[in-house]
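A.B. asks: need a structure here:
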Amino acid sequence: MRFDETKTSRDPITVTIREACRITGLGPTTLWKLRKAGRLKEAKIAGLDRTLILFSSLQELLSPDAQVPLKRGPGRPRNHPLAVYDGRICIGFIRPRGGGFEALDLDRRSLGTFPSQGAAADAIEEAAS
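C.D. replies: Below you'll find the model as predicted:
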């Protein structure tokens, strides 16, 4: 079924998430996010444990004049420590801290804050030996 066709009496009133995936080409996670964001309208029927999406809301979502981007969450934190290796053995970690880099031993205890990653790596190597 194409969305650029005019509305006919054969259009369904509601569709399941699986059918909406097939019709739109979007994945179920994206459709659930759109539903949660209020961009897809759903129909709840008492006693029926199923989510039904209004077909008209799918048509509205995919119409050319309704292209509003989906807001994304904050994502994962970006200050994960970098591992420092001596050969194939991990000897410590470096993570951004303030205006410098904090050197951590294997138990994640701080060895100090340094102005560069190289200086932090040197401190880790010195502590490991």
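A.B. asks: Do a quick rundown of the helices in this protein.
C.D. replies: Under the criterion DSSP state H, helices of the chain are mapped to 17-24, 28-36, 55-62, 117-128.
A.B. asks: would JSON lines of these with mean neighbour count and distance to residue 49 be doable?
C.D. replies: Heads up, the C-betas are built off the backbone N, CA and C, glycines and all. Shown next, in JSON lines, are these (neighbours: other Cβ atoms under 10 Å; distance: least, Cβ to Cβ, whole Å):
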{"stretch": "helix 17-24", "mean neighbour count": "17", "distance to residue 49": "13"}
{"stretch": "helix 28-36", "mean neighbour count": "15", "distance to residue 49": "16"}
{"stretch": "helix 55-62", "mean neighbour count": "18", "distance to residue 49": "20"}
{"stretch": "helix 117-128", "mean neighbour count": "17", "distance to residue 49": "53"}
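A.B. asks: Would you reformat the ones you listed as JSON lines and include mean pLDDT and distance to residue 100?
C.D. replies: Shown next, in JSON lines, are these (pLDDT from 0 to 100; distance: least, Cβ to Cβ, whole Å):
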{"stretch": "helix 17-24", "mean pLDDT": "92", "distance to residue 100": "48"}
{"stretch": "helix 28-36", "mean pLDDT": "91", "distance to residue 100": "38"}
{"stretch": "helix 55-62", "mean pLDDT": "90", "distance to residue 100": "47"}
{"stretch": "helix 117-128", "mean pLDDT": "92", "distance to residue 100": "8"}
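A.B. asks: For the protein, which element, helix or strand, carries the lowest mean pLDDT?
C.D. replies: When the helices and strands of the chain are compared on mean pLDDT, DSSP states H and E, strand 82-86 comes out lowest with a mean of 87.
A.B. asks: Of all the residues in that strand, which ones are buried?
C.D. replies: Within strand 82-86, the residues scored as buried using 16 or more other Cβ atoms under 10 Å are residue 84.
A.B. asks: Alright, that wraps it up for me.
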